[in-house]
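1. Need coordinates for the below:
(chains A, B, C and D)
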There are 4 protein chains.
Amino acid sequence: RAALAFHSKFSSRSMASKTQVGFIGLGNMGKPMAKNLLKHGYPVIATDVFPESCKELQELGAQIVDNPAEVADQADRVVTMLPSSPNVIEVYTGPNGILKKVKKGSLLIDSSTIDPAVSKEMAVAAEKMGAVFMDAPVSGGVGAASSGKLTFMVGGVEEEFTAAQELLTCMGANVVYCGAVGTGQAAKICNNMLLAIGMIGTSETMNLGIRLGLDPKLLAKILNMSSGRCWSSDTYNPVPGVMEGVPSGNNYQGGFGTQLMAKDLGLAQTTATNTKTPVPLGSLAHQIYRMMCARGYSGKDFSSVFQFLREDEENEGQ
Amino acid sequence: RAALAFHSKFSSRSMASKTQVGFIGLGNMGKPMAKNLLKHGYPVIATDVFPESCKELQELGAQIVDNPAEVADQADRVVTMLPSSPNVIEVYTGPNGILKKVKKGSLLIDSSTIDPAVSKEMAVAAEKMGAVFMDAPVSGGVGAASSGKLTFMVGGVEEEFTAAQELLTCMGANVVYCGAVGTGQAAKICNNMLLAIGMIGTSETMNLGIRLGLDPKLLAKILNMSSGRCWSSDTYNPVPGVMEGVPSGNNYQGGFGTQLMAKDLGLAQTTATNTKTPVPLGSLAHQIYRMMCARGYSGKDFSSVFQFLREDEENEGQ
Amino acid sequence: RAALAFHSKFSSRSMASKTQVGFIGLGNMGKPMAKNLLKHGYPVIATDVFPESCKELQELGAQIVDNPAEVADQADRVVTMLPSSPNVIEVYTGPNGILKKVKKGSLLIDSSTIDPAVSKEMAVAAEKMGAVFMDAPVSGGVGAASSGKLTFMVGGVEEEFTAAQELLTCMGANVVYCGAVGTGQAAKICNNMLLAIGMIGTSETMNLGIRLGLDPKLLAKILNMSSGRCWSSDTYNPVPGVMEGVPSGNNYQGGFGTQLMAKDLGLAQTTATNTKTPVPLGSLAHQIYRMMCARGYSGKDFSSVFQFLREDEENEGQ
Amino acid sequence: RAALAFHSKFSSRSMASKTQVGFIGLGNMGKPMAKNLLKHGYPVIATDVFPESCKELQELGAQIVDNPAEVADQADRVVTMLPSSPNVIEVYTGPNGILKKVKKGSLLIDSSTIDPAVSKEMAVAAEKMGAVFMDAPVSGGVGAASSGKLTFMVGGVEEEFTAAQELLTCMGANVVYCGAVGTGQAAKICNNMLLAIGMIGTSETMNLGIRLGLDPKLLAKILNMSSGRCWSSDTYNPVPGVMEGVPSGNNYQGGFGTQLMAKDLGLAQTTATNTKTPVPLGSLAHQIYRMMCARGYSGKDFSSVFQFLREDEENEGQ
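-> Got it, this is the predicted structure:
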């Protein structure tokens, strides 16, 4: 039967734990993820376009090679963590890309956040070479990457999920199977679009309430016991002084940058356009984060939209 | 001392429980609220512009009079529950309004959802007659009104809150003090604006995810364990089949009508305009619910925005 | 017949040219308007809440009195030019308002830009005193007010239009009859809403085209010969260097301030909310001008939205 | 000198008028365009994926071949007119694509409306084969295509513009040089984005004015003599009865379909996202046309947004 045949086809690799794992992309997120693979006893073979990014990992015992093709030549399980769609296309299908030397039966897991249409293209290209591609974007930032507490949303053939899970649980606390290839990206993009809408909505609402004479802490409390409740109001409130331990209490430093949110909303917009799905609030949220980037907010946490919408004291009375 | 003096001034009335309570506005919400006052042993004296609305209450023992002035003439505690700002203005300051015959020291509680600026005007007008006005709009629909499970958000002088609470707890499960006059309205309006944003955002997101190949129940589960979580995703999901016991599972019958949401968003818009507060998503949410009203959705639950945004099957392929 | 009877009722006043004309509100717009009445030989009797605003007019021969009631006591034609609805309500119906001493048959012309619902209220109140109220808001700024080149959009009973026109042509180049009371305001508000939409749309479009490699002058030329053409693209282009003699060529100084546009869009929003009319782009335009006010653009010309949307050079690369 | 050398390189072809011209894509637009080439005496060699689309042209004397590669094999000037980016990529770079057999020095003109980034890719690919690619999207619909009155917006190397112009003037009344490859698309996309904004804005404004009591013809007249003026208000007014000879007078039949506008706005959105340009109104216009497609308006003229925003009579009173 098909499923069984399929399973046995790759059984030698998915059984083979603790053999070498490839890792491509050692940036802010990729480096701590690769470290966690090392911590769990996996030999790691890695590469990055910036050689200096590789040093720390090399000192920890990883083998560093020149390019993605060489990684794929030596490891039959490879994780990629890259900034955007063009990088993924290059790393997989470029002249020194993974698919140039990938072994039959290899498992390729991409944790980048990209257009799900690109994930599907990569899966087709991988399949032509006899390899399996899965998309597994993460939620949680650098902190969660370091502590191994990421959430992975995984798309790809269900028979390979167990094999992917074995590696991903070394780097994350939750590994959720979402469906066919691209659905991991879809889940990530959907969540972040709703997150952006909730954050801007919470910021508008808190600002309006304060202007109408409500105490911010009291307003947050009322929203959180009512139907206005959302993650941005009860866990990550954007108004300074309402909660502790969130970026709004620290001048919007740290957290999830406005520019990164704008990027994810751009992906949401693109997938919505391509599927002809109306997303009026998601689209406006994208534009607002884009305007914020144009006005100097790129590097601040995305909850700084509260500050962006609030009248500057120096402008009052005008 | 001021607070003390103030308190004693009204003490005779706020002590006097189980004396007559006035009730003006016996519509879908007002009637069950007045009934709950009767159930708790309060003699009720009531009026409504539609005489037929008074019959049931009269049969239950309430005294019916001709107009608000007569209610105020006989009761020193009066609750009003009216459709919109002009009705409130008429009932309080019109030729047969409450303030024509209100007794000194009376407590006037308005549970209508109206512009907080009107609440403040009414409070000033009441104070001139020696009476106290509080705004106490509710959340929860006809069901909560019947079962006495409403939430009241109360604005007004803090010294009178206890007196108001005595009556309101007969009709509601939660009575929250929000601050000065108008802040009850502010809290209600803010909550509903964020609710509308969350509902439209959830609908867009679920629709996009489904188009991208995600199973709706799985997507809801992922959102609800992530930062996209909100009341509309985890308690009142707008996608048919995802949850039970919500209007989306019953062809968007019952619940909170699109037209009522449009009204509340109009209030939010007006207060935002008057306070020069930017509310881009709140404003777009208002427009979307307004467009829905123009396209036949007035009477459906506000979660039907999912249906509104989704491509009709009959239109597919175009 | 009614119209005839009506006409004859007021004939003594509307014939009586060159008798005293009242003017209330001597601000940036009102002062040059009143001067133009003087230039045309009309004796002017005026007042303003700020005594210093009256000096220049007094030196030019106008009689200055203490309050609107006194103006109405001495003149049977009165023009008002005030900042907003509450001022109009005060000047007409306040304790020292026009209607306290207005003569029967007087013609009251309000050139303020306000909510048409307030115009209607004033007309009803004036009619009760036997006077006629017309709304006649202007387009054109301080320059047009000085040179007598304003456009007046006039609402009110048609029989009185000729009488109003006699005065308004002293102050404006175009006097357009729009219909019943309030339609002058409606026309003004509608025009400015579409103007704001066109200006923001032109700014987005020019910005996008420039980013895509088009020369701004060439793009403006193409738009202006095509279906994208609008007043903001062909007469008041917001991109510095594309046209001469417009605020974009002068660091957005002069012209029509962002804050004034935000005020007019607030009126458009309020009338749309009250009439349950969906205005999605008008509403978003309002929010964008509101955000600009919050970010220091209040005093700049409304075409500075181009600058607001454009990425700061200092923020590039982020 | 470079320009001269460049020019002479292609001189043999650009001189050679009345030699065979290739045409690929014989749909609603392409067929009348190809006919106009025949009328001007150019031998045409054509192909289309649907053989039946070729019959009429064949009867008129065109040579029909099997695929784009064969067209390019026999003609050194080729015009393409295709529905969307993927079709263009296939026709140029697919297994039977133009570039498989293109002759050195050929001139390839693409009149499709597509992402300018794809135009740039095609230009690079063509250059590798020694050919020149220009983008030349059109404005004007099927009528203008039939009567040879299209406007072409042309992007590409300036030295080749004269050669392109020679062919394009057979099919259009205006041929505008816009700049480097992709700027023709950019100009088209920018114009249509501003057009959509103007049309929705005009519809909202006319609807609001009518609700406020203004006569639609009078309101249009006022806008058109004021700063609210735009192509949609003065040339293509969306309100039935205001103008003659436009789709609003014919139940929104004919004209430019909502679905086509939604497609062009999708391209505008994608280019804005890719260049990180904020386009808040353009983005919302896209969403509104997308919602209209979801509600059965795909085939109606894009001015039907007036109807979409207007309250249905059957829904009134709700």
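
2. Minimum distance to chain C, which residue of the stretch 151-300 of chain A gives it?
-> Of the stretch 151-300 of chain A, the residue with the smallest distance to chain C, taken as Cβ to the nearest Cβ, is A:S298 at 3.7 Å. Every C-beta, even on glycine, is put in place using the N, C-alpha and C of the backbone.

3. Three-state assignment for that residue, please.
-> coil (DSSP: H, G, I helix; E, B strand; the rest coil).

4. I'd say it and A:M261 touch.
-> No. Contact criterion Cβ atoms under 8 Å: A:S298 and A:M261 do not qualify, at 10.1 Å.

5. Identify the residue nearest A:Y297 in space, chain neighbours excluded?
-> Of all residues not flanking A:Y297 in the chain, A:T258 sits nearest, at 4.7 Å (Cβ to Cβ, 6 or more residues apart in numbering or on different chains).

6. what residues does chain A put near chain D?
-> A:262, A:266, A:269-270, A:273, A:276-280, A:283-284, A:286-288, A:290-291, A:293-294 (Cβ under 8 Å from any Cβ of the partner chain).

7. rerun that using 10 Å as the cut-off
-> A:259, A:262-263, A:265-270, A:272-274, A:276-284, A:286-295 (Cβ under 10 Å from any Cβ of the partner chain).

8. Please check those and keep the buried ones.
-> Among these, those scoring as buried are A:259, A:262-263, A:265-270, A:272-273, A:277-284, A:286-295 (criterion: 16 or more other Cβ atoms under 10 Å in any protein chain shown).

9. Now do the strands in chain A.
-> Ranges of strands in chain A, per DSSP state E, are A:21-24, A:44-47, A:63-64, A:77-80, A:107-110, A:132-135, A:138-139, A:150-155, A:172-179.

10. Contacts for the second one, please.
-> Going back to what we said before, that points to strand A:44-47. With contacts defined as Cβ atoms under 10 Å, 6 or more residues apart in numbering or on different chains, strand A:44-47 is touched by A:20-26, A:30-31, A:34-38, A:53-54, A:57-58, A:60-75, A:78-79, A:91, A:96.

11. rerun at 8 Å
-> When contacts are defined by Cβ atoms under 8 Å, 6 or more residues apart in numbering or on different chains, strand A:44-47 is touched by residues A:20-24, A:26, A:34, A:37-38, A:54, A:57, A:61-68, A:70-71, A:74-75.

12. Weed out the non-buried ones from those residues.
-> Neighbour-count burial (16+ other Cβ under 10 Å) applied to the contacts of strand A:44-47 gives A:20-24, A:26, A:34, A:37-38, A:54, A:57, A:62-65, A:67-68, A:70-71, A:75.

13. Narrow those to those in helices?
-> If you go by DSSP state H, the buried ones among the contacts of strand A:44-47 have A:A34, A:L37, A:L38, A:L57, A:P68, A:E70, A:V71 in helices.

14. Now flag whichever of those is closest to D:D234.
-> Closest approach to D:D234 among those (Cβ to Cβ): A:P68, at 58.2 Å.

15. who touches that closest one in this structure?
-> By Cβ under 8 Å, 6+ apart, the contact set of A:P68 is A:I24, A:T47, A:T80, A:V91, A:Y92, A:G94, A:N96, A:G97, A:I98.

16. hang on, the earlier thing: share the number of residues neighbouring the residue of the stretch 151-300 of chain A closest to chain C, please.
-> Per other Cβ atoms under 10 Å in any protein chain shown, the neighbour tally for A:S298 reads 19.

17. any idea how far it lies from chain B?
-> Computed as Cβ to the nearest Cβ, to the nearest Å, the A:S298 to chain B distance reads 19 Å.

18. Next: A:M81.
-> 19 Å.

19. That residue contacts A:L37, doesn't it?
-> No. Shown here, A:M81 and A:L37 do not form a contact pair, counting by Cβ under 8 Å, at 11.4 Å.

20. which neighbours do those two share?
-> Shared contacts of A:M81 and A:L37, defined by Cβ under 8 Å, 6+ apart, comprise A:F23.

21. coming back round to it: got the phi/psi numbers for the residue of the stretch 151-300 of chain A closest to chain C?
-> phi -50, psi -40 (degrees, to the nearest 10).

22. same question, A:T235
-> Main-chain dihedrals, A:T235, degrees, to the nearest 10: phi -120, psi -20.

23. re earlier: could the strands of chain A go into TSV alongside mean pLDDT?
-> Formatted as TSV, the strands of chain A follow (pLDDT from 0 to 100):
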stretch	mean pLDDT
strand A:21-24	98
strand A:44-47	97
strand A:63-64	97
strand A:77-80	98
strand A:107-110	98
strand A:132-135	98
strand A:138-139	92
strand A:150-155	96
strand A:172-179	96
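
24. Just put the ones you listed in a markdown table and tack on distance to D:A186.
-> Formatted as a markdown table, the strands of chain A follow (distance: least, Cβ to Cβ, whole Å):
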| stretch | distance to D:A186 |
| --- | --- |
| strand A:21-24 | 35 |
| strand A:44-47 | 38 |
| strand A:63-64 | 43 |
| strand A:77-80 | 34 |
| strand A:107-110 | 32 |
| strand A:132-135 | 32 |
| strand A:138-139 | 36 |
| strand A:150-155 | 35 |
| strand A:172-179 | 37 |
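
25. pLDDT at A:Q318, what is it?
-> Listed pLDDT for A:Q318 reads 35.

26. One more: A:L4?
-> At A:L4, the model reports a pLDDT of 38.

27. Please apply the same query to A:K217.
-> A:K217 is assigned a pLDDT of 98 by the prediction.

28. which residues sit in contact with the closest residue to it other than its chain neighbours?
-> In space, and not counting its chain neighbours, A:K217 is closest to A:V242: 5.5 Å by Cβ to Cβ, 6+ apart. A:V242 sits next to A:M206, A:P216, A:K217, A:A220, A:S248 when contact means Cβ under 8 Å, 6+ apart.

29. Type out the ChimeraX command that picks the buried ones from those.
-> Here is the ChimeraX selection string for the buried members of the contacts of A:V242, based on 16+ other Cβ under 10 Å:
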select /A:206,216,220,248
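
30. Of all pairs in the contacts of A:V242, which one is the farthest apart?
-> Greatest spatial distance in those: A:K217 and A:S248, 12.5 Å, computed using Cβ to Cβ.

31. all helices of the stretch 151-300 of chain A, in order?
-> A:161-168, A:183-211, A:216-224, A:231-234, A:258-274, A:280-294 (DSSP state H, counting those that start in this stretch).

32. and the last one, C-alpha only, in CSV?
-> Provided in CSV are the C-alpha atoms of helix A:280-294 (Å, rounded to 0.1, in the frame of the first residue of the first chain):
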residue,chain,number,x,y,z
PRO,A,280,-9.4,44.8,4.5
LEU,A,281,-8.1,45.1,8.1
GLY,A,282,-5.0,43.0,7.4
SER,A,283,-4.3,45.2,4.5
LEU,A,284,-4.7,48.4,6.4
ALA,A,285,-2.6,46.9,9.3
HIS,A,286,0.2,46.3,6.7
GLN,A,287,-0.1,49.9,5.5
ILE,A,288,0.1,51.3,9.0
TYR,A,289,3.3,49.3,9.8
ARG,A,290,4.7,50.4,6.5
MET,A,291,4.0,54.0,7.4
MET,A,292,5.6,53.5,10.8
CYS,A,293,8.8,52.1,9.0
ALA,A,294,8.8,55.3,6.9
